[in-house]
Every structure is written in structure tokens, then in C-alpha cells.
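Peer 1: this one's sequence-less:
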Ligand SMILES: N[C@@H](CCC(=O)N[C@@H](CS)C(=O)NCC(=O)O)C(=O)O
């Protein structure tokens, strides 16, 4: 069994939240837009007549042809099919889904810092608004999200769902923290001492034996100008 993962080539983006558990659990998948025709093939595939068309990538096509989209929904689906990446009991699976939805809210807000007016405009066309948005994000939203996950870990232990094994939500939190460290290195460094549990989870995921090959491979794309972007003028210690 193998899945087809459709996501823009060249950036980790939201595709990375799907890639990480697939890689860590050794679930076979093909990265479709990395093959011949690249993103043009993705645009063409998105336009295909389907009963379940995706609005936007990432989406996963199963062996029986179903196209599953919305990042958190893809992970919910994978968690039901592959017990290694999510809790076995229903309440646990809903819990990690809830966490994933919160993470996706956080990701959307992180993106909107550099694109506060419109996705169809360049950053250069919305710089004053971005500077204003960044201030509130750095001073209020970033600590609020970090504090939430710190509190969850205080209650649950090393992993977000409790227990001794990671779930896809832990891998996603790792990726969000990595993205934010890339985008806001000064602010994240200032906040780090207050979020020791989140930092420890980040380090634990980075050290997972089942992720070492992937993290060292060319499939693990560097951050650049995708969801998480580094504009020094949007970063700051406060
Ligand atoms: N809520 C969706 C958002 C999907 C999304 O915004 N995808 C981006 C790439 S990361 C895209 O290509 N969007 C095109 C669009 O919204 O028109 C999810 O979590 O998957």
C-alpha cells in the first residue's frame, strides 16, 4: 500500500505535517509534485473531476482513489489507519486532532504575519501592516500558543497525548517550533527559558531514531519563503 501526497515542490509548507508521520512510521508514499512536471502536475490534478475535490494542497490520494485534504483531516485519517502515529482509543484520537487543529490555527497566524492584507499580494506591498501584525504576534500570540502547549505537557508528560510514544501532534509541534525559530530567531530565543517542556519535546523529536534518515535526507526541505519566513525587520526581542 502506498499513498500519493500532493503538495507544492520546493518548500516544506503544510505538506511537512503529513510527511513527518509518514516518514517516522515508515508508511510508503510518493511525493507527486516532485516528479515530472512538478507543480504544473499538481495544478492539473487539482482541476480533475472528482467527487471529493480538494480546495488546496496538501492532499493525500489513497489506493482506492479517495482524495483527502485539509492537513488536520489528513492526519486524523492516517491516525485511524496507522495506530503507530495516534492513540488507539477514540478519545485519544480526538484529543490529538484537537491539538492539531490548534496547531493549524497557529500556523495560519504565523503565515498572516507576513501576509496580513492579502495572500495574493507580495510581502513588499504590505510591509507596514506586517510590521504592526508582527508586534502583536511576537508579544501576545506567540507566548499564548507556547504557554498552551507548555500547560498540556505539564499535565500529560513528555508527549502531548501522554504515554511513552509520540503522536503526529508531537511531530507537528516540533515542526511549528522549528519554523518559528527560523522566522523569529530573536523572539524565540528570548522566550525559550519560559517554555522548557516545549523545547524538550522539540529536542526529543529531533532525536527520534525513526526520523534520523529523513531529517538528514534531501527530502527534508529547508525553510525559505513558504509559510514560515524570516524577515529580520519582523523579528525582535519583545
Ligand atoms: N486549511 C488548509 C489550508 C491549505 C492551504 O492554505 N494550502 C496552501 C499551501 S500551504 C495553498 O496552496 N493554498 C491555496 C489557496 O488557498 O488558494 C489546510 O490546513 O490544509
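Peer 2: Structure received. Small disclaimer: the values here were computed from a predicted structure and weren't measured.
Peer 1: who touches residue 232 in this structure?
Peer 2: Under the criterion of Cβ atoms under 8 Å, 6 or more residues apart in numbering, residue 232 has no neighbours. Heads up, the C-betas are built off the backbone N, CA and C, glycines and all.
Peer 1: pLDDT wise, what is it at?
Peer 2: According to the prediction, residue 232 has pLDDT 98.
Peer 1: distance of the residue lying farthest from the centre of the chain from residue 123?
Peer 2: Computed with Cα atoms, centre = their mean, the maximum C-alpha offset from the centroid of the chain is found at residue 49, amounting to 28.1 Å. Distance, residue 49 to residue 123, by Cβ to Cβ, to the nearest Å: 35 Å.
Peer 1: from residue 232, how far out is residue 107?
Peer 2: Residue 107 sits 21 Å away from residue 232, taking Cβ to Cβ as the criterion.
Peer 1: now do residue 130
Peer 2: Counting by Cβ to Cβ, the separation of residue 130 from residue 232 is 12 Å.
Peer 1: which residue ranges form the strands in the chain?
Peer 2: Secondary structure of the chain (DSSP state E): strands at 3-6, 29-31, 59-61, 67-69.
Peer 1: list the contacts of residue 195.
Peer 2: With Cβ under 8 Å, 6+ apart as the criterion, the residues that contact residue 195 are 146-147, 149-150.
Peer 1: got a list of contacts for stretch 84-104?
Peer 2: The contact list for stretch 84-104 (Cβ under 8 Å, 6+ apart) reads 14, 17, 21, 24-25, 71-72, 75-76, 78-80, 145, 148, 152, 160-161, 163, 165, 167-169, 172-173, 176.
Peer 1: check what pLDDT residue 37 gets.
Peer 2: Confidence per residue is given as pLDDT, and for residue 37 that number is 87.
Peer 1: how many other residues sit next to it?
Peer 2: The tally of other residues near residue 37 (other Cβ atoms under 10 Å) stands at 12.
Peer 1: thinking residue 53 is in contact with residue 61, fair?
Peer 2: No - Residue 53 sits out of contact with residue 61 when judged by Cβ atoms under 8 Å, with a separation of 11.6 Å.
Peer 1: looking at the two, which is more packed in?
Peer 2: When residue 53 and residue 61 are compared on other Cβ under 10 Å, the one with more neighbours turns out to be residue 61, at 21 against 12.
Peer 1: wait, that one sits on residue 3?
Peer 2: Yes - with contacts defined as Cβ under 8 Å, residue 61 counts as touching residue 3 at a distance of 6.8 Å.
Peer 1: if I pick residue 234, what's in contact with it?
Peer 2: Residue 234 is in contact with 113-114, 130-131, 134, 183-184, counting by Cβ under 8 Å, 6+ apart.
Peer 1: no wait, residue 6
Peer 2: When the contact criterion is Cβ under 8 Å, 6+ apart, the partners of residue 6 are 32-33, 42, 45-46, 54, 57-61.
Peer 1: the nearest residue in space to residue 112 that is not next to it in sequence: what's it in contact with?
Peer 2: Distances taken as Cβ to Cβ, 6 or more residues apart in numbering put residue 133 closest to residue 112, at 6.7 Å, once the chain neighbours are dropped. Under the criterion of Cβ under 8 Å, 6+ apart, the contact list for residue 133 reads 112-113, 116.
Peer 1: the closest residue in space to residue 174 that isn't next to it in sequence and residue 74, how far apart?
Peer 2: The shortest distance from residue 174 to any non-neighbouring residue, by Cβ to Cβ, 6+ apart, is to residue 205 (3.7 Å). In this view, residue 205 and residue 74 are 19 Å apart by Cβ to Cβ.
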